[in-house]
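Q: My questions concern the predicted model and sequence given below.
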Amino acid sequence: MVGSIKAGKDPHLREVVFMDDGGELCLEERVAQLRREGLSAEEIARVMGVDPGWVEALLSAWGED
């Protein structure tokens, strides 16, 4: 798991998370990754430091409850 994350934008205007190892990951990809690990919407929001409503809306758009 990531020790710390920093949100920003890449040159293609995607919201990204900069990982401790120097890599980066789209915020939506990070949500998908954490969801595959079994985290709930609330847990994902807490880990990522984002609004729980945003995570819930994203999961809903993907057809997940």
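A: Good, I have the coordinates.

Q: Residue ranges in the protein under the pLDDT threshold?
A: Low-confidence segments of the chain, defined by pLDDT under 70, span residues 1-20, 22, 24-25, 65.

Q: What segments of the protein are helices?
A: 27-36, 41-48, 52-61 (DSSP state H).

Q: who touches the second one?
A: Applying C-beta atoms under 8 Å, 6 or more residues apart in numbering, the set of residues contacting helix 41-48 from outside is 1, 5, 17, 27, 30-31, 34-35, 39, 50-52, 54-56, 59. Heads up, the C-betas are built off the backbone N, CA and C, glycines and all.

Q: quick one: that helix to helix 52-61, angle?
A: For helix 41-48 and helix 52-61, the angle between their directions (axes from the mean of the first three to the mean of the last three C-alpha atoms, to 10 degrees) works out to 120 degrees.

Q: Going forward, the N-terminal residue is numbered 34.
A: Got it, the first residue is 34 from now on, which makes the last one we talked about helix 74-81.

Q: Could you tell me which residues within helix 74-81 count as buried?
A: Judged by neighbour count (16 or more other C-beta atoms under 10 Å), helix 74-81 contains these buried residues: 74, 77, 78, 80, 81.

Q: Would you format those residues as JSON lines with distance to residue 54 included?
A: Compiled in JSON lines, the buried residues of helix 74-81 are given as follows (distance: C-beta to C-beta, whole Å):
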{"residue": "74", "distance to residue 54": "26"}
{"residue": "77", "distance to residue 54": "20"}
{"residue": "78", "distance to residue 54": "23"}
{"residue": "80", "distance to residue 54": "17"}
{"residue": "81", "distance to residue 54": "17"}
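
Q: Considering those residues, which is situated nearest to residue 56?
A: Of all those, the one sitting nearest residue 56 is residue 81; the distance, using C-beta to C-beta, is 15.6 Å.

Q: Distance check, that closest one against residue 59.
A: In this structure, residue 81 lies at 12 Å from residue 59, with C-beta to C-beta, to the nearest Å as the measure.
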